[in-house]
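# Would you be able to build a 3D model of this:
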Amino acid sequence: MATGTLLATAACAGGDDDTSAESETAAATVAERPLAARTTTPSPSASKSAGATPSPTATLSETGARNALITAADIEDDWVQVKNPQSWSDKLLVGQVDAAQFVTGKTDAADCQRLVDALYDETLLGTPSGASALNGFEEGDSRLLYQVAAYQKATLDKSMDWLEKLPETCDQFTLTGGDSGDRTVQVVETSLPKEGDARQGLTVTVKGTSNGDPVTLTLDVAVVRVGNDAITITNGGLDGADEDTTKAAVEQGTKRLKEVLAGRTPTPTPSMLD
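Reported below is the predicted structural model:
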């Protein structure tokens, strides 16, 4: 019995040594493993929360809207800021859409008329529900109208949807009446820098006559939505539309609007307005 007890005791002691050795080996392995390999992987929900970028939630004020406006320095070249762009219009755009072209869809004619009427207007995206600011620039025969405004979400969503469909519903139509006779209007989609929450670019070309001579008015239209606010750009003229200027206005304007909505004042840029 004494011998059996000693053997059993020795076996138990040997088992404890093996377990201890295995624990020490595992600890050494973990210690030798690189820190990156030992880092605990965060849960999917934690990773998503950490990487999420919240959308701006600040309400756009009148001061903020003015601060978010671009200046001539933002679009470079020889643009000069003007004092009263609200008075702008273009006689090539004055007239009525020929509804006879839209036999199967009278609403399409209304959509095209809305576009023509709003190209030099402050209501391209509908009537702003809050703060709104506007400025304009000239370079030779070209003009650039720039607006920052707050909208009701439903109004803004409908307007963005309307703009998206225009290259299909209003790809080509005729304007009648006014002083320029019949004019052919074409609407095509254009690409914009990937700024904001949503964006839509168009090029509108109007061919008609002025003082008996054939003329072509070309306008870039760019809209960028940031939350429930948006920037709107109309750029061009009888000399055509400068795509680089439109893109610069989109990039710099979106940046300034986001700065304002984040509670910051954008870095001032020199203005050429005396």
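# Give the partner strands of the helix or strand E138 falls within in its sheet and their orientations.
Assigned by DSSP states H and E, E138 belongs to strand 132-139. As defined by DSSP bridges, the strand partners of strand 132-139 come to strand 80-82 (antiparallel), strand 142-150 (antiparallel).
# In it, which residues are buried?
Neighbour-count burial for strand 132-139 flags 132-139 (criterion: 16 or more other C-beta atoms under 10 Å). The way it works is simple: take the backbone N, C-alpha and C, and place the C-beta from them, glycine included.
# Which residue ranges of the stretch 151-274 of the chain form strands?
172-176, 183-190, 198-210, 213-226, 229-237 (DSSP state E, counting those that start in this stretch).
# from these, which stretch is densest packed?
strand 229-237 (a mean of 25; mean count of other C-beta atoms under 10 Å).
# Run through who's touching it.
56, 60, 68, 119-120, 124-125, 140-151, 156, 196, 217-224, 241-242, 245-246, 249-250, 253-254, 257, 261 (C-beta atoms under 8 Å, 6 or more residues apart in numbering).
# Show me which of those are buried.
Buried members of those, scored by 16+ other C-beta under 10 Å, are 56, 60, 68, 119-120, 124-125, 142-151, 156, 196, 217-224, 241-242, 245-246, 249-250, 253-254, 257, 261.
# closest one to S87 among the strands of the stretch 151-274 of the chain?
Closest to S87 of the strands of the stretch 151-274 of the chain, according to C-beta to C-beta: strand 229-237, at 14.4 Å.
# Quick one: mean pLDDT over that closest one.
The average of the pLDDT scores along strand 229-237 is 97.
# Pairing partners for it, with directions?
strand 142-150 (antiparallel), strand 213-226 (antiparallel).
# Cool, thanks, talk later.
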